[in-house]
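K.L.:
give me a 3D structure for the following:
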Amino acid sequence: MTGLLQHIEASIQNRRLLKRGEKILVAVSGGCDSVTLLHALKQLSPRHNWKIVVAHFNHQLRGRAGDLDEKLVRQTAAKLKLPITAESGDVKSFAANFGLSIEMAARRLRHEFLARAARARKINAIALAHHADDQIELFFLRLLRGSGAGALAGMKWKSPSPADQSLWLVRPLLDSTKVALLEFAAENRIRFRNDATNFSPDFLRNRIRNELLPLLRTRYQPALDKTVPRLMNIVGAESELIAQMVPRARADFEKLPLAIQRRVLQRQLLESGIAADFDLIESLRQLPDRWICLGSKMSVAPESRELSRSPRSAPVRRSRTQLFRERPPAIFHSVARERSGKIKLREPPGRQIGPEELRLVTVRKAGQADFGGKKFKWLFRAVRSGEKFSPAFGAGLRRECFDADKIGHEIVLRRWRNGDHFQPIGMKKPAKLQDLFVNAKIPRNLRRQLVLAASASGEIFWVDGLRVSENFKMTPETKRKFVWAVG
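P.N.:
Numbering: from 1, shown residues only. Now for the predicted structure:
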């Protein structure tokens with residue numbers, strides 16, 4: 001066994017990343033890092049009885065180059081005799097529709113795909129190929145953006161998936177260097193593809209990798225690869241201590257230590273889906289009982305539960321290297337802090353995007369909205385063993401139940417569009433909604449009047465007059481119900 005394989009195996013065992021006999025979904029882009037991770041886990045799998053499945057997501061951003069990446073991943077999976085699941089997504093359209101950067105939209109769709117693939121195959125562990133060089137680059141990326149201590153701690157060896165908290169992301173290469181991965185690939189004649197965008201100076205991450213870090217290593221600190229991880233470990237431990245103290249903070253808010261005050265406010269904002277940047281938190285902390293208009297802060301919350309300051313002169317753009325805790329675009333109008341430390345929100349019932357579309361945030365336990373001449377109500381309920389549940393919505397309402405964690409924190413009500421696909425419960429794959437209307441004998445003149453509901457990613461989970469979605473149905477693993485009523 002080579003040195004790198006021994007190193008990876010020791011990391012997995014010492015940090016209990018993977019169990020013996022576990023199923024693993026390995027995210028493979030086609031680049032050196034992920035293809036090397038796949039080969040390494042494949043070589044180690046006989047010793048640990050791991051069952052490996054390859055996952056690839058085509059972002060449709062690089063044209064033919066992206067298609068060639070997918071082709072290589074499929075060929076690699078076939079050569080290793082491993083099953084593969086692959087999808088593609090229109091990242092540009094998704095980013096435009098939801099007001100996200102390309103990087104954030106790509107990450108969001110990719111994580112949602114990985115979560116769906118893992119659930120479909122009853123896999124709990126998703127292996128990612130982030131390595132030691134990624135950690136150092138991420139440290140400086142966040143340092144330059146003024147991130148808080150927890151963000152400077154970098155990526156964790158094991159963390160919940162941002163798309164499904166019941167799934168785990170594991171990073172077996174987190175203390176392996178890029179040089180070691182390239183050497184392993186060369187020794188084992190592993191084929192991979194290079195992404196030309198990794199060398200573009202248009203991205204701050206690339207300038208840090210190709211310009212800043214070589215300068216620091218040459219002129220200022222040759223041992224940068226040791227000192228930065230040590231600092232990340234220190235600030236990470238201190239950040240975890242502060243986070244543990246927040247739930248136990250019982251003193252008057254004004255008497256709490258400054259760091260605890262900020263974390264108390266930050267936690268509430270993130271739980272409400274609001275981007276908790278430094279300026280907003282400081283305004284709330286210093287100005288109790290004063291309403292603060294959110295304005296441009298009505299956006300996806302940061303990728304981690306840490307304070308961040310974005311330069312006022314620059315638009316807020318999240319790097320494609322950042323992990324995020326998935327939150328919907330917040331639509332609250334303003335926020336204030338009570339003297340007790342509790343935040344309060346002014347929230348419209350919905351945001352009308354156009355006459356044919358309404359976007360709703362469902363972070364509250366229950367809510368209601370009117371759209372298309374119909375009244376919609378929803379509530380959340382924990383699933384308990386043997387529970388008989390009949391929510392009291394009132395007479396005349398039709399009810400459906402979905403897996404709440406699959407629905408997410410935002411839904412979109414809209415009309416049918418040409419090209420829409422839907423997978424009713426019991427069907428093995430999605431079908432054109434137009435064909436489903438024909439099969440259900442829904443008159444042509446009524447189809448445009450029907451309302452459908454989609455998740456934030458755009459996947460339809462409910463269509464008026466049809467069965468619920470196969471991908472959002474409740475299963476024995478469902479922990480929370482999303483109860484949807486229409487009248």
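
K.L.:
can you pull out the strands in the stretch 151-300 of the chain?
P.N.:
Assigned by DSSP state E, counting those that start in this stretch, the stretch 151-300 of the chain shows strands spanning 158-160, 168-170, 292-293.

K.L.:
mind listing the strands the first one pairs with, and their directions?
P.N.:
In this case it means strand 158-160. strand 168-170 (antiparallel) (DSSP bridges).

K.L.:
check what contacts the strand it pairs with and list those residues.
P.N.:
Applying Cβ atoms under 8 Å, 6 or more residues apart in numbering, the external contacts of strand 168-170 come out as 12, 17-18, 124-128, 157-161. Any C-beta I mention is one placed from the backbone N, CA and C, and that applies to glycine too.

K.L.:
just the ones in helices from those residues, please.
P.N.:
Those of the contacts of strand 168-170 mapping onto helices are residue 12, per DSSP state H.

K.L.:
of the contacts of strand 168-170, buried ones?
P.N.:
12, 17, 18, 124, 125, 126, 127, 128, 157, 158, 159, 161 (16 or more other Cβ atoms under 10 Å).

K.L.:
if we can go back for a sec, of the strands of the stretch 151-300 of the chain, which is nearest residue 60?
P.N.:
strand 168-170 (23.4 Å; Cβ to Cβ).

K.L.:
for the helix or strand hosting residue 134, packing partners?
P.N.:
Take DSSP states H and E as the rule and residue 134 turns out to sit in helix 132-144. Packing partners of helix 132-144 (3 or more Cβ pairs under 8 Å, 6 or more residues apart in numbering; DSSP states H and E): helix 149-152, helix 204-207, helix 213-215, helix 224-245.

K.L.:
could you give the mean pLDDT of that helix?
P.N.:
Helix 132-144 shows a mean pLDDT of 92.

K.L.:
quick one: buried residues of it?
P.N.:
Neighbour-count burial for helix 132-144 flags 132, 133, 134, 135, 136, 137, 138, 139, 140, 141, 142 (criterion: 16+ other Cβ under 10 Å).

K.L.:
then stretch 39-56?
P.N.:
Quick answer for stretch 39-56 (16+ other Cβ under 10 Å): 39-45, 48, 50, 52-56.

K.L.:
do the same with stretch 235-247
P.N.:
235, 236, 239, 242, 243, 246.

K.L.:
where does pLDDT dip in the stretch 201-350 of the chain?
P.N.:
250, 273, 293-333, 346-350 (pLDDT under 70).

K.L.:
again, 80 this time
P.N.:
Applying pLDDT under 80 to the stretch 201-350 of the chain flags residues 202-203, 246-251, 270-277, 291-334, 345-350.

K.L.:
ok, now the stretch 351-487 of the chain?
P.N.:
Looking at the stretch 351-487 of the chain by pLDDT under 80, you get 351-357, 359-367, 384-398, 408-410, 418, 445, 448, 456-457, 467, 487.

K.L.:
re the thing from before, greatest separation within the buried residues of stretch 39-56: which pair is it?
P.N.:
The largest separation in these, counting by Cβ to Cβ, is between 48 and 56 at 23.3 Å.

K.L.:
buried ones in the helix or strand where residue 335 lies?
P.N.:
Using DSSP H and E, residue 335 maps to strand 334-337. Under the neighbour-count criterion of 16+ other Cβ under 10 Å, strand 334-337 has 335, 336, 337 buried.

K.L.:
and that strand, what does it pack onto?
P.N.:
Right, strand 334-337 is packed against helix 278-286, strand 292-293, strand 343-346 by 3+ Cβ pairs under 8 Å, 6+ apart.

K.L.:
export the ones you listed to CSV and tack on mean neighbour count?
P.N.:
Below are the helices and strands packed on strand 334-337 laid out as CSV (neighbours: other Cβ atoms under 10 Å):
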stretch, mean neighbour count
helix 278-286, 17
strand 292-293, 14
strand 343-346, 16
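
K.L.:
now these in JSON lines, with distance to residue 96?
P.N.:
Putting those into JSON lines (distance: least, Cβ to Cβ, whole Å) gives the following:
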{"stretch": "helix 278-286", "distance to residue 96": "26"}
{"stretch": "strand 292-293", "distance to residue 96": "25"}
{"stretch": "strand 343-346", "distance to residue 96": "27"}
